[in-house]
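just to be clear, the model below is a prediction. Sequence and coordinates:
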Amino acid sequence: MSTSKHPKGLYLIFATSTAERFSYYGMRAIFILFLTQALLFDKEHAASIYGSYTGLVYLTPLIGGYIADKYWGIRRSVFWGAMMMAVGQFLMFFSASMLDTKELSHWLMYGGLTFLILGNGCFKPTVSSIVGQLYEPGDKRLDSAYTIFYMGVNVGSFFAPLVCGYFGETGNPHDFKWGFLIAAIVTILTVVLFETQKNKYLIGPDGKPLGIIPDAKREQPEESKTSQRKTAMDREKKFRNNLFLGVLAVALVLFFYWCFGNDWVSIGIFTACIIFPVNILLDGSLTKIERDRIFVIYIIAFFVIFFWAAYEQAGASLTLFAAEQTDRVIFGWEMPASWIQSFNPFFVVILAAIMPGVWGALNKRGMEPASPTKQAIGLLLLSLGYLVICFGVKDVQPGIKVSLIWLTGLYFIHTMGEITLSPIGLSMVNKLTPVRFASLMMGIWYLSTSTANKFAGILGGLYPEPGKVKTLLGYPIENMFDFFMMFVLMSGVASLILFLLSKKLQKMMHGVE
Ligand code: GLN
């Protein structure tokens, strides 16, 4: 992976993402506290709203990606995405300002979440896919470009909880509004930054402006170049495909309804997870090579679900562990449990600075692993992180707190895994996808985060509680060791299978590294 000079557009995307992620994570840091302490929801209801929100923000990139590829183009999608998010953050601010009129503040909160979910859907996949379009296909700098982009994302994620938490979480429920207001103002700054700089910096390697016309128009598939007129046969095929998708969707909804009851968010996420990927595969314009490459993305995206499901314990069960069972006193001062969530973005920023160099050095020796292998290494590191903490909690009596060293070690190893898997995954999706599906495929990639967030909630529910019997596949989860071991095994097995598949996957990538 080369680290040589990057186009200036990358730094515009870096700054735009820093600002946008600041507002996303700033709002998220105080959201569950706002629900329980200001709107006075009980913990279970609040956790379910939180879970649905974090699941849905990663579901809508599918729709946003589709609209961007087909109708709007990336620039317009980024603009409207950020605008909708700004409206969402302001609605959150108004909700937190009207705590005395309970019903109104609830409605404003739900309205705010809706705008945030839709806005993120338009913003996240498009801003992620435009990074790759700044480079020629096959450019060796792409992995390092995505790692730099990822660093930008995490600069925002690091500062946001500290700032929004400082002003919003004061112990007085009326102060939450300041946290939301800061997030709203920063979202407006995102729009201003992008709109004022885009013409100057968003230029493709051919010198032409990027993201103005939809990608579907930029890259006409070979077939439709030769025969523009739709034949009756095409129409019939399309009708058959749509009928098939319709029947499949109904069958899946019924099946998931049977699995989850009327948890419509889960039903929607899991159904979309199958329908959208199948829909792309049915697209008649795909060549055999394009189809193989898309298959690689699907297979890896499936394994990546296990990464994020274990990793996303950070916001819930690992924070409970930090609060209840970790000794956070440093030189007489007790660190707030929520601060431990800033460890991860902090480590990302440091490791993102180092990793391009490490890959570059390995590359020179001909030892740089291929993208699927890097995903497997990421999963392995996740498993190792949980293994480390298993040592920390083994033989510890209930009620005794363990050293902060264990959680710090876990987060450091997890972040090493994240930096090996996540930016490289984005880069890989970009390299393997035909331009006309660029943003939509990013949406599909983010679908694994959406599914994982839901799955993480289910697994997090197994967090051991005195007096409650919890089991997984018949095995009891009686203490923290059992709980963490579950993640060691889950990500370890996923990693092993992916290692075994990686040679085959590499072949299916047809020359893309
Ligand atoms: N922290 C990253 C971000 O916010 C991770 C996203 C993901 O794919 N889960 O972009």
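That came through, no problem. Numbers count the residues shown, from 1 in each chain.

tally of neighbours for whatever residue of the stretch 401-513 of the chain ends up closest to the ligand?
The ligand sits closest to T449 of the stretch 401-513 of the chain, with a gap of 3.8 Å, by C-beta to the nearest ligand atom. (Each C-beta comes from the backbone N, C-alpha and C, glycine too.) When neighbours are defined as other C-beta atoms under 10 Å, T449 has 26 of them.

hmm, Q313 and Y386 touching each other?
No: assessed by C-beta atoms under 8 Å, Y386 is found out of contact with Q313, at 9.0 Å.

any shared contact partners between these two?
F487 (C-beta atoms under 8 Å, 6 or more residues apart in numbering).

the residue of the stretch 401-513 of the chain closest to the ligand contacts Y58, doesn't it?
Yes: here T449 reaches Y58: they are 4.4 Å apart, a contact under C-beta under 8 Å.

now do the strand or helix carrying L254: distance to the chain's middle.
For L254, the host element (DSSP states H and E) is helix 232-260. In terms of C-alpha atoms, centre = their mean, to the nearest Å, the centre of helix 232-260 is found 27 Å from the chain centre.

can you pull the contacts of the residue in the stretch 251-400 of the chain positioned nearest to the ligand?
Residue of the stretch 251-400 of the chain nearest the ligand, by C-beta to the nearest ligand atom: W308 (5.4 Å). By C-beta under 8 Å, 6+ apart, the contact set of W308 is S448, T449, A452, N453, A456.

looking at these, which is nearest S77?
For the contacts of W308, the minimum distance to S77 (C-beta to C-beta) is 18.8 Å, reached by T449.

check which helix or strand covers the closest one.
helix 438-460.

just the endpoints, please. Distance across stretch 470-485?
14 Å (C-alpha to C-alpha, to the nearest Å).

who's in contact with the residue in the stretch 51-200 of the chain positioned nearest to the ligand?
Proximity of the stretch 51-200 of the chain to the ligand (C-beta to the nearest ligand atom) peaks at V153, 4.6 Å away. Neighbouring residues of V153 by C-beta under 8 Å, 6+ apart: S17, T18, R21.

of those, list those near the ligand.
Residues of the contacts of V153 in contact with the ligand (C-beta under 6 Å from any ligand atom): R21.

ranking the contacts of V153 by neighbours, who comes first?
Counting by other C-beta under 10 Å, top hit in these: S17 with 26 neighbours.

for that residue, give me its contacts.
Contacts of S17 by C-beta under 8 Å, 6+ apart are V127, F149, G152, V153, G156.

quick check: buried residues in the helix or strand that contains it?
Applying DSSP H and E as the criterion places S17 in helix 8-33. By neighbour count on 16 or more other C-beta atoms under 10 Å, the buried set for helix 8-33 is 9-10, 12-33.

could you list the low-pLDDT ranges of the stretch 151-300 of the chain?
220-230, 233 (pLDDT under 70).

how about the helices of it, start to end?
With helices called from DSSP state H, counting those that start in this stretch, the stretch 151-300 of the chain shows them at 176-201, 215-218, 222-226, 232-260, 264-281, 288-311.

with just CA atoms, put the fifth one into PDB.
These are the backbone C-alpha positions of helix 264-281, laid out as PDB (Å, rounded to 0.1, in the frame of the first residue of the first chain):
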ATOM      1  CA  TRP A 264     -40.600  -4.500  12.500                       C
ATOM      2  CA  VAL A 265     -37.100  -2.800  12.500                       C
ATOM      3  CA  SER A 266     -35.400  -6.300  12.700                       C
ATOM      4  CA  ILE A 267     -37.800  -7.600  10.000                       C
ATOM      5  CA  GLY A 268     -37.000  -4.600   7.700                       C
ATOM      6  CA  ILE A 269     -33.300  -4.900   8.200                       C
ATOM      7  CA  PHE A 270     -33.000  -8.600   7.700                       C
ATOM      8  CA  THR A 271     -35.300  -8.600   4.700                       C
ATOM      9  CA  ALA A 272     -33.400  -5.700   3.000                       C
ATOM     10  CA  CYS A 273     -30.200  -7.600   3.700                       C
ATOM     11  CA  ILE A 274     -31.300 -10.300   1.300                       C
ATOM     12  CA  ILE A 275     -33.600  -8.500  -1.200                       C
ATOM     13  CA  PHE A 276     -31.200  -5.700  -2.200                       C
ATOM     14  CA  PRO A 277     -28.100  -7.900  -2.800                       C
ATOM     15  CA  VAL A 278     -30.200 -10.400  -4.800                       C
ATOM     16  CA  ASN A 279     -31.700  -7.500  -6.800                       C
ATOM     17  CA  ILE A 280     -28.200  -6.300  -7.900                       C
ATOM     18  CA  LEU A 281     -27.300  -9.900  -9.000                       C
END
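
show me what that helix is packed up against.
In terms of contacts (3 or more C-beta pairs under 8 Å, 6 or more residues apart in numbering; DSSP states H and E), helix 264-281 is packed against helix 43-57, helix 232-260, helix 288-311, helix 438-460.

packing partners for the next helix-or-strand element following the last one?
Where DSSP H and E defines the elements, the next helix or strand beyond helix 438-460 is strand 471-472. Using 3+ C-beta pairs under 8 Å, 6+ apart as the contact criterion, no secondary-structure element is in contact with strand 471-472.

give me that answer again for 10 Å
Using 3 or more C-beta pairs under 10 Å, 6 or more residues apart in numbering; DSSP states H and E, the elements in contact with strand 471-472 are helix 480-508.
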